[in-house]
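Trainee: What follows is a predicted protein model with its sequence.
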Amino acid sequence: MSATLAPVDPRAALTLPMPTRPLGKFGWNASLLTLGGVKWDTQCSDSEAAALVHRAIELGVNTFDTAFIYGEGESERKLGIALEGIRHKVWINTKIIDRTYDGAMKQMETSMKRLRTDYVDLMFVHSVDSEEQYHEIVSPNSVVKAILEMKAAGRVGHIGVSGHWVKHVMERIIQEVDFEAVLCPVGLFNSAYNYRFVDNVLPVARKRDMAVLGMKVYGAGRVQHARSVAPYLRYSLHQDVDTCVIGCDSIAQLEETVGIIKSEPPPLTSSEMDDLVPEALRVTQQFEGGEFNWVSHYLEAPR
């Protein structure tokens, strides 16, 4: 009879190697944590943001995610400062929000100037969350044409799409447009509201050999009101994703998340899931400054 291994203490786990998974078919083994570009974009100074990014790299994070609109450009600008001289060592995702060809071209040029780079590894069409936006994107002279031209010019490595709350739109667009990656919610909060992208979007993405990046692991920060972040992170880590995009506003938060990931915790049991649903519903329905306003869609979903 084999002995049961004791769980690894998250603090002690910081010195362990960072788990990685292949990012789609891109030839990049992404750290299981992708450092998201929110929180520190507006809550940290330039030097604090650089220190956070450098600590993430020390801990094994090799994939970073940002967007044109995060912090009104501060996220890209600060990430560019932090990665000066070492940009070639990491993978960068960014996202553009303009749906038109001309507007998207201008945003991509601006993003690269802020990031201090002449190329982006993965460029997302950002936040496709309505039928109207779907039709704008699949039109002939849209953002997709702009990104594909940038890709042909060697300035964009791969093309992806992100969406936050309308899963049927996401499921349809990834079948109709040749996106190579998808970024969508994979948090326990979605399960609590019975509106799970992992049920319909992820299987379609995998069938099409797409990279899958998961977000809303911490419910846009609402997990701060939960008893512990650990079970919410455990849930997302065991979904069919290549990496989890999570923002942090301090090195302490970063180290807490990395420690849990490196300790390689088991999936949640069904009883743990049942116990967490009431908490997940409670903490997402306490609104503060709109930080979780996207949950309004889920409030109407059957539980």
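Mentor: In hand now; what should we look at?

Trainee: Could you use CA atoms for every contact and neighbour count after this?
Mentor: Noted.

Trainee: Spell out the secondary structure type for F68.
Mentor: Put simply, F68 is coil when judged by DSSP: H, G, I helix; E, B strand; the rest coil.

Trainee: Let me see the contact set for it.
Mentor: Going by CA atoms under 8 Å, 6 or more residues apart in numbering, F68 touches E76, T94, K95, I96, I97, Q107, S111.

Trainee: In strands, which of the residues you listed appear?
Mentor: Members of the contacts of F68 lying in strands (criterion: DSSP state E): T94, K95, I96.

Trainee: Now tabulate the contacts of F68 in JSON lines and tack on pLDDT and distance to E176.
Mentor: Shown next, in JSON lines, are these (pLDDT from 0 to 100; distance: CA to CA, whole Å):
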{"residue": "E76", "pLDDT": "98", "distance to E176": "30"}
{"residue": "T94", "pLDDT": "98", "distance to E176": "22"}
{"residue": "K95", "pLDDT": "98", "distance to E176": "20"}
{"residue": "I96", "pLDDT": "98", "distance to E176": "20"}
{"residue": "I97", "pLDDT": "97", "distance to E176": "19"}
{"residue": "Q107", "pLDDT": "98", "distance to E176": "24"}
{"residue": "S111", "pLDDT": "98", "distance to E176": "27"}
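
Trainee: And the strands in the stretch 201-303 of the chain?
Mentor: 211-215, 243-248 (DSSP state E, counting those that start in this stretch).

Trainee: So which of the ones you listed is nearest K262?
Mentor: strand 243-248 (13.3 Å; CA to CA).

Trainee: Which other helices and strands does the closest one contact?
Mentor: strand 33-39, strand 211-215 (3 or more CA pairs under 8 Å, 6 or more residues apart in numbering; DSSP states H and E).

Trainee: As TSV, the contacts of F68 with neighbour count and distance to V128 would be great.
Mentor: Below are those laid out as TSV (neighbours: other CA atoms under 10 Å; distance: CA to CA, whole Å):
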residue	neighbour count	distance to V128
E76	27	20
T94	26	15
K95	26	11
I96	24	11
I97	18	9
Q107	17	17
S111	27	19
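
Trainee: Just flag the most distant two among these.
Mentor: Spatially, the most separated pair among the contacts of F68 is E76 and I97, at 14.0 Å (CA to CA).

Trainee: now the strands: where do they sit in the stretch 1-150 of the chain?
Mentor: 20-22, 29-31, 33-39, 63-65, 91-96, 120-125.

Trainee: Just the CA atoms from the last one would do, formatted as CSV, please.
Mentor: Backbone C-alpha positions of strand 120-125 (Å, rounded to 0.1, in the frame of the first residue of the first chain) are rendered in CSV as follows:
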residue,chain,number,x,y,z
VAL,A,120,3.0,40.7,-30.5
ASP,A,121,2.9,37.0,-30.1
LEU,A,122,-0.9,36.8,-29.9
MET,A,123,-3.3,39.5,-30.9
PHE,A,124,-6.9,39.2,-29.7
VAL,A,125,-10.1,40.7,-31.0
